[in-house]
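> Below are the sequence and a predicted model; questions follow.
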Amino acid sequence: MSELEPVIGIDLGTTNSVVATVRDGVPRVIPNRGGQLLTPSIVAVAKNGKRLVGALAKRQAITNAENTVFAAKRLIGRRWGSKEVEDARQFLPYELVAGPEGNDVRVQLGGRTVSIPEISAVVLAELKADAEAWFGRPVRKAVVTVPAYFNDGQRQSTKDAGRIAGLEVLRIINEPTSAALAYGFGKQMEKKVVVFDLGGGTFDISILDIGKSVYDVVGVGGDTYLGGEDFDRRIMDWLTFAFAKENGGVDLRQDKMALQRLKDASEKSKCDLSTAPNTAIHLPFLVSGGEGKGALHLDKQLTREKLEELTKDLVERCIAVADKTLRDAGLRAAQVGEVILVGGMTRMPRVARAVRDYFGREPSRGVHPDEVVALGAAIQAHALVAPQPKGEEVLLLDVTPQNLGLMVVGGYFNTVIPRNTTVPTSQTHLFTTVQDNQTSVRIAVLQGESEKAIENELLGEFILDGIRPARRGEVSIEVTFAISADGIVGVSARDVVTGAEQSITVTATSGLTEEELKRILDEQRDELLERKQTTREFEMRRDRAMALVREIDALRPAVEAALEKSRFGKDAIQKAETVIARVRQAIAARDAGAIEVEEEQLDRTLQLFRALAAGGPVPAGG
Amino acid sequence: MPDLAELIDQGVRAYVTGRIQEALSAFQHALMLDPQNVKARGYLVRIQATHPGALSGPFHGRVPLPDVAEPPPPDLKPFDVSPPATEREAARAVPAGDGHPALHHEEDFAPSPWDEGPTTGATIVLSDEGSGAGIDLSAVSEKSDLRPLVPEGQAPALRGPPTDVDLWLKAAKELFALGDFTGSLELIEKILILDPDHGEARDYLRQNEATLVSMYESKLGPLQAVPRLAIKPEEVMWLNLDHRAGFLLAQIDGSVDYEGLFAVSGLPRLDTARILANLIADGVIRS
């Protein structure tokens, strides 16, 4: 088979993201350029103005909190003023503002107002660059995963993020589906599978009905404010209070640098305790000891037992949510055929034990919980570009994540397509007028779970006019909702008697207008060109500098001979060597600016060498 | 009783205005509080050299030179002596080929912090044995690596008795001219506390900072290099660091380059560069 264009699967997480691919038929995670498999989904503008992504951004997330955007996934595709955005504003240290049309959410970052898809795009672009470095060639196509409960606006925003990052998003797939895909790959399983996903910031539980390569999400639940960071915070609090007790009340929370180190150490100790019974937390020179005193150290031992005690209620919350989700789906724990653990937190033995105790079976451990979603996405991406043998196609059958319907009198929400309906689907309901001689109706298309229209997501609206004037309740208006396999919602309304019809295709928007998107894409292109220009400039300067170096080297024997007879410039050779060494260093660092700085010195050295070699007077510039 | 910083400040002010006994007393008291204080010892060495009769008391006799990484004590001369910068300017202006020594020997000048790092250009060290045949010294000196020591323009003429700010600024200029950028910066910062809009002080602040950042960065090597711990992790706690150095050291795990450290430190570039340069000088980290 000829070599296919590389495609990747991306798990764009709230806390961490992972990129994977299928190579030689084997799904595998692509390490980032720092050698890590997980890339923190964090974007920052450092205090020195440098843009940071991933691990570096995370290292300064507390010390530079107002210019570090994390958990952008909580905001993507959300409406400004929605409950989720208001909740997020309570705890996010960076500033949120309304978009230009007041609909979507923007963040203030480094003095600029940036849309959420742009933030996610920075993370996606980083993963794309990691993949390109790994493949050694450009990567243009990807499958990206989202939580099963994401509505169309959130999915579209994620797609836009991909576009901004220079990726063609082949498909957006649900995270639990992706995880199941990674487990079901090559297997023939027919059972109900629970995907228990405890990540860094959120807990999601999904129930899938899997039958011969068909993945049907039949129930979702979760807690969007429960994750690994809550566990870290418990350790941080424990350390903070212990430290204050041992050091005369010194409060580490007042010192951002100390807090940053404390958070990093807490997360690390938590991870260590997944495999070891105890761990040492050692933070030398953590905080100033006060006037005239040395810095204070933190030294503490944390046992797994203590960690479990500190986080007992968090684990119990997970199980309570799982129980509710199962009951909503009309399922008992015993009916579950398989439990898949997803997310780094499920590596904590106490979590895995609680899951086992609740479901009465050992959870599956075949695939690493941090990687499983990305691997599934990579499998799907591969399936979309590589022809599959007949009978082995991986068919993804997703369902509507939320109820889809319209607003009716009184501000209520009337469901037309209930959640968990398999797509593609089409359903028709009849509605009527509420006033006499009403000739038009407003159809507001909504998605959500609340009975109140205002609490749901507005996907679009249109007016159906040309309705036959009649007494209220006498007119029949047929409203049809259709969802395509790509998740595009089409809504049409028709007066049954007059045949007057109006329709709308709800192409979910990310809040970015087409114009804005175009501008952003143009900026991206300019940046790319600039980078290429920088590369060209480096190559040009490198070649010029090396030509000078070669000429200096060629003159060296003559210069050495001339210096034997002269009282001057004895150290000329040594100086020249120093300059050449600096040039080589600048070339190794690919620093065009540094090469430029040295060019003048090289030039002077060359002039001096030429003069010395010719036996004439030393030039003024020498 | 004044604290250490105040004593040093008093000493510097007294020294630059020619009140040698007062300076001596201040530095001697400073050494009682901190026997290893580099600045006080440096000034005492200088006073010992320039006013041998002035030194008395517990520090009479030879004061050992400090052996720490801090730039050497400035070659300050009291206020009534022509400042070295002027000397240098004068020396630079001497035309070549007239039979006079063209330039003072390097050792005649205050130690420059540039001497410690790699040179920024291919300098020619000129012999002081007399003019060399065929060499256009004035042209060479114009092209030399010597940088302007103080900004253009003179300090405004003092009206009435000099204020603290005037004295500090004068001292800061002297120190700047002599290459003691750290000392100059300290005084400038004191001025800016009293008068945040002091234009000249702001100029010196920028120049001092830029110079110091260059000096410290030159000790780091390429900023794309990834520093690593040069000692065992368990030895870290035996060092004498402050919490800011502790924070930076905690970030050095073999995966972040210097540029990355500047970005994540959250500290001003000068502070980060200084801490990193000190960690290298102390053998705690290596590139």
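Everything's here; your move.

> okay, residue 91: pLDDT?
By default, I'm working from chain A. pLDDT for A:Phe91: 81.

> other chain: chain B
The predicted structure scores B:Ala91 at 34 on the pLDDT scale.

> Can you identify each of the strands in the stretch 401-550 of chain A by residue range?
In the stretch 401-550 of chain A, the segments counted as strands under DSSP state E, counting those that start in this stretch are A:403-408, A:412-417, A:425-431, A:440-448, A:457-465, A:477-483, A:489-495, A:501-506.

> mind listing what's buried in the fourth one?
For strand A:440-448, a neighbour-count test (16 or more other C-beta atoms under 10 Å in any protein chain shown) marks A:441, A:443-448 as buried. C-beta coordinates here come from the backbone N, C-alpha and C atoms, glycine included.

> now it and strand A:477-483, what's the angle there?
For strand A:440-448 against strand A:477-483, the angle by axes from the mean of the first three to the mean of the last three C-alpha atoms, to 10 degrees is 30 degrees.

> distance between strand A:440-448 and the chain's centre?
The chain centre lies 32 Å from the centre of strand A:440-448; the measure is C-alpha atoms, centre = their mean, to the nearest Å.

> Can I get that strand as PDB, trimmed to CA atoms?
The C-alpha trace of strand A:440-448 is given here as PDB (Å, rounded to 0.1, in the frame of the first residue of the first chain):
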ATOM      1  CA  SER A 440     -46.800  34.500  11.400                       C
ATOM      2  CA  VAL A 441     -45.000  32.400  14.000                       C
ATOM      3  CA  ARG A 442     -41.500  32.700  15.300                       C
ATOM      4  CA  ILE A 443     -39.600  29.400  15.500                       C
ATOM      5  CA  ALA A 444     -36.800  29.500  18.000                       C
ATOM      6  CA  VAL A 445     -34.700  26.300  17.700                       C
ATOM      7  CA  LEU A 446     -33.200  25.200  21.000                       C
ATOM      8  CA  GLN A 447     -31.000  22.500  22.400                       C
ATOM      9  CA  GLY A 448     -30.800  21.600  26.100                       C
END
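
> Please enumerate residues in contact with that strand?
A:151-153, A:402-407, A:413, A:431, A:433, A:453, A:455-467, A:477, A:479, A:481, A:489, A:491, A:493, A:502, A:504, A:506 (C-beta atoms under 8 Å, 6 or more residues apart in numbering or on different chains).

> among those, which ones are buried?
A:151-153, A:402-407, A:413, A:431, A:433, A:453, A:456-460, A:462, A:464, A:467, A:477, A:479, A:481, A:489, A:491, A:493, A:502, A:504, A:506.

> could I get the buried residues of strand A:440-448 as CSV with pLDDT?
Formatted as CSV, the buried residues of strand A:440-448 follow (pLDDT from 0 to 100):
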residue, pLDDT
A:Val441, 90
A:Ile443, 91
A:Ala444, 92
A:Val445, 91
A:Leu446, 90
A:Gln447, 86
A:Gly448, 83
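
> what about B:Ala172, distance to A:Gly201?
According to C-beta to C-beta, to the nearest Å, B:Ala172 stands 51 Å off from A:Gly201.

> Neighbour count: these two, which is higher?
When neighbours are counted by other C-beta atoms under 10 Å in any protein chain shown, B:Ala172 and A:Gly201 differ, and B:Ala172 comes out ahead with 28 against 21.

> pLDDT score for that one?
pLDDT for B:Ala172: 85.

> My reading is that it lies in a helix. Confirm?
Yes: counting by DSSP: H, G, I helix; E, B strand; the rest coil, B:Ala172 falls inside a helix.

> give me every residue that touches it.
B:183-185, B:187-188, B:191, B:201, B:204.

> Around the nearest residue to B:Asn37 once chain neighbours are set aside, how many other residues sit close by?
Excluding its sequence neighbours, the residue lying closest to B:Asn37 (C-beta to C-beta, 6 or more residues apart in numbering or on different chains) is B:Ala30, at 5.6 Å. Neighbour count of B:Ala30, defined by other C-beta under 10 Å: 26.

> After the helix or strand where B:Ala30 lies, which helix or strand is next?
Applying DSSP states H and E as the criterion places B:Ala30 in helix B:20-33. Once helix B:20-33 ends, the next helix or strand along the chain (criterion: DSSP H and E) is helix B:38-50.

> mind exporting that following helix as PDB, just the C-alpha atoms?
Output of helix B:38-50 as PDB, limited to C-alpha atoms (Å, rounded to 0.1, in the frame of the first residue of the first chain):
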ATOM      1  CA  VAL B  38      31.700  42.800  49.800                       C
ATOM      2  CA  LYS B  39      30.900  46.400  49.200                       C
ATOM      3  CA  ALA B  40      32.300  47.600  52.600                       C
ATOM      4  CA  ARG B  41      35.400  45.600  52.200                       C
ATOM      5  CA  GLY B  42      35.900  46.800  48.700                       C
ATOM      6  CA  TYR B  43      35.700  50.400  49.700                       C
ATOM      7  CA  LEU B  44      38.000  49.900  52.700                       C
ATOM      8  CA  VAL B  45      40.600  48.400  50.300                       C
ATOM      9  CA  ARG B  46      40.200  51.400  48.100                       C
ATOM     10  CA  ILE B  47      40.600  53.800  51.000                       C
ATOM     11  CA  GLN B  48      43.600  51.900  52.300                       C
ATOM     12  CA  ALA B  49      45.200  52.300  48.900                       C
ATOM     13  CA  THR B  50      44.400  56.000  48.300                       C
END
